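Colleague: Got a predicted model here, sequence first, then my questions.
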Amino acid sequence: MKEVKLTFHNNGLRSYIDMDLCSQCPRQDDKGCCGYYSPVFYPSDFAYLTQYQPELLEEILSLSQITVLDASVTVNHTVEAPGYHCHFHNTEGGCRLPQLMRESVCRHFVCPGITWEQDEKFKHWQYFFSRLSDYEIELNNKISEQLKSEGLSLRNLENRSFFFKRVLEIFNKETAVMPEFINKLNKEESLTLACEIKYGEDWTL
């Protein structure tokens, strides 16, 4: 048994969960959850990166191992024995992207072995991240539909600069008034719970 601390950060659409166990990942394979997922960036991510980290957006689009759709980019993991490897992961410090630069799955993920969602004291945060996920999906769909109606696609290399300009404009319009559930909650809170830790492949991801 080990006491694990989760720190919840309410930053609206850039909210995230920190867990102190990550630095000593029970998986013990120098990749943890990062080796089993390919990050996908959507319009809400594009809007944030366009405004605050355009060089990262340029880096993502310059990669050879990406899947580009009309309104999303997947940074495909590479095959590496054993398993896979995320482009943004390094063995020294895990993800090299600051939390705010990551996409939502990477910001919200907590190992299944950390049963925080079953603990009553976490219920307000469980509700928050569930609502936030739904809101972000709805927002991304709205932006994608608007871009499509204007004939804009990320696949079109010539119009990419205008594509991102419109993403940011539509995003700002749609988020001018944020949902009440975001404004109601604390900006940050740390809570702990006791968990049974299993090591190696017995630790489920």
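Modeller: Nice, thanks for sending it over.
Colleague: When you work out contacts or count neighbours from here on, use the C-alpha atoms and nothing else.
Modeller: Noted.
Colleague: For this protein, just list every one of the strands.
Modeller: 2-9, 16-19, 40-41, 66-68, 73-75, 78-79, 84-85, 89-90, 94-95, 188-195 (DSSP state E).
Colleague: Could you list every helix and strand in contact with the second one?
Modeller: Think strand 16-19. Other helices and strands packing on strand 16-19, by 3 or more C-alpha pairs under 8 Å, 6 or more residues apart in numbering; DSSP states H and E, are strand 2-9, helix 104-108.
Colleague: which of those is buried the deepest?
Modeller: helix 104-108 (a mean of 19; mean count of other C-alpha atoms under 10 Å).
Colleague: Let me see the mean pLDDT of it.
Modeller: For helix 104-108, mean pLDDT rounds to 97.
Colleague: Show me what that helix packs onto, helices and strands only.
Modeller: strand 16-19.
Colleague: Each with direction, which strands does the strand it packs on pair with?
Modeller: strand 2-9 (antiparallel) (DSSP bridges).
Colleague: What's the mean pLDDT across the strand it pairs with?
Modeller: pLDDT averaged over strand 2-9 gives 97.
Colleague: Kindly format the C-alpha coordinates of stretch 132-143 as CSV.
Modeller: C-alpha atoms of stretch 132-143 as CSV (Å, rounded to 0.1, in the frame of the first residue of the first chain):
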residue,chain,number,x,y,z
LEU,A,132,-15.0,19.3,-19.0
SER,A,133,-14.4,16.4,-21.4
ASP,A,134,-17.9,16.6,-22.8
TYR,A,135,-17.6,20.4,-23.2
GLU,A,136,-14.3,20.1,-25.0
ILE,A,137,-15.6,17.5,-27.4
GLU,A,138,-18.7,19.6,-28.1
LEU,A,139,-16.5,22.7,-28.6
ASN,A,140,-14.1,20.9,-31.0
ASN,A,141,-17.0,19.6,-33.0
LYS,A,142,-18.4,23.1,-33.3
ILE,A,143,-15.1,24.5,-34.5
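Colleague: List the buried residues for that stretch?
Modeller: Leu132, Glu136, Leu139, Asn140, Asn141, Lys142, Ile143 (16 or more other C-alpha atoms under 10 Å).
Colleague: how near is Ile182 to Leu13?
Modeller: Applying C-alpha to C-alpha, to the nearest Å, the value for Ile182 to Leu13 is 9 Å.
Colleague: got the helices and strands packed on strand 16-19 as a markdown table, with distance to Ser62 columns?
Modeller: Listed next are the helices and strands packed on strand 16-19 as a markdown table, based on distance: least, C-alpha to C-alpha, whole Å:
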| stretch | distance to Ser62 |
| --- | --- |
| strand 2-9 | 31 |
| helix 104-108 | 21 |
